[in-house]
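[1] have a look at this prediction, sequence included:
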Amino acid sequence: MGLHGDDEPIYVISVAARLVEMHPQTLRYYERAGLLKPTRSSGKIRLYSPREIERLRKIARLTSELGVNLAGVEIIIDLTERLDALNERMQQREAQLLTEVERLRNQLQAMEHADGRGV
């Protein structure tokens with residue numbers, strides 16, 4: 001995502017609120033409800049990352065478009081994040097298994113070639 005990582009806290013609350021078309025008080029409310037955890041600067045200023053901006057957009061979609069209450073939002077976000085993490089781990093495991101299959105194929109071909117059977 002541009003020059004900044006998705007987790008780098010770069011937006012003050014007024015900018016974050018403008019990006020997601022919410023009032024800054026709404027962001028504070030979501031933080032109190034446990035839906036957000038903005039980083040605090042040394043001066044106690046809330047700083048939001050691009051990932052948190054996307055999370056705010058997801059919260060807005062769930063509450064505005066689908067009519068989900070905040071308890072439901074928390075459950076949905078938790079489950080989707082867990083699903084994303086599982087999916088990522090599954091993709092990593094799949095890549096490991098494909099690498100192992102390729103290694104074993106190469107080993108088998110080398111053994112067949114050494115036995116003079118060819119491939």
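    Thanks, I have the structure now.

[2] pLDDT on the biggest helix by length in the chain, on average?
    Longest helix in the chain by number of residues (criterion: DSSP state H): helix 70-114. Regarding helix 70-114, the rounded mean pLDDT is 95.

[3] count of neighbours near Ser64?
    Ser64 has 9 neighbouring residues, counting by other CB atoms under 10 Å. Every residue, glycine included, has its C-beta placed from N, CA and C.

[4] and it, helix, strand or coil?
    helix (DSSP: H, G, I helix; E, B strand; the rest coil).

[5] related to what we said a few turns ago, elements contacting the longest helix of the chain?
    Other elements packing on helix 70-114 under the criterion 3 or more CB pairs under 8 Å, 6 or more residues apart in numbering; DSSP states H and E are helix 50-60.

[6] so what secondary structure elements neighbour the helix it packs on?
    On a contact count with 3+ CB pairs under 8 Å, 6+ apart, helix 50-60 meets helix 13-19, helix 24-32, helix 70-114.

[7] what sits up against the shortest one?
    Applying CB atoms under 8 Å, 6 or more residues apart in numbering, the set of residues contacting helix 13-19 from outside is 11, 23-24, 26-28, 38, 45-46, 48, 52-53, 56.

[8] roughly how far is that helix from the heart of the chain?
    How far helix 13-19 lies from its chain's middle: 20 Å, per CA atoms, centre = their mean, to the nearest Å.
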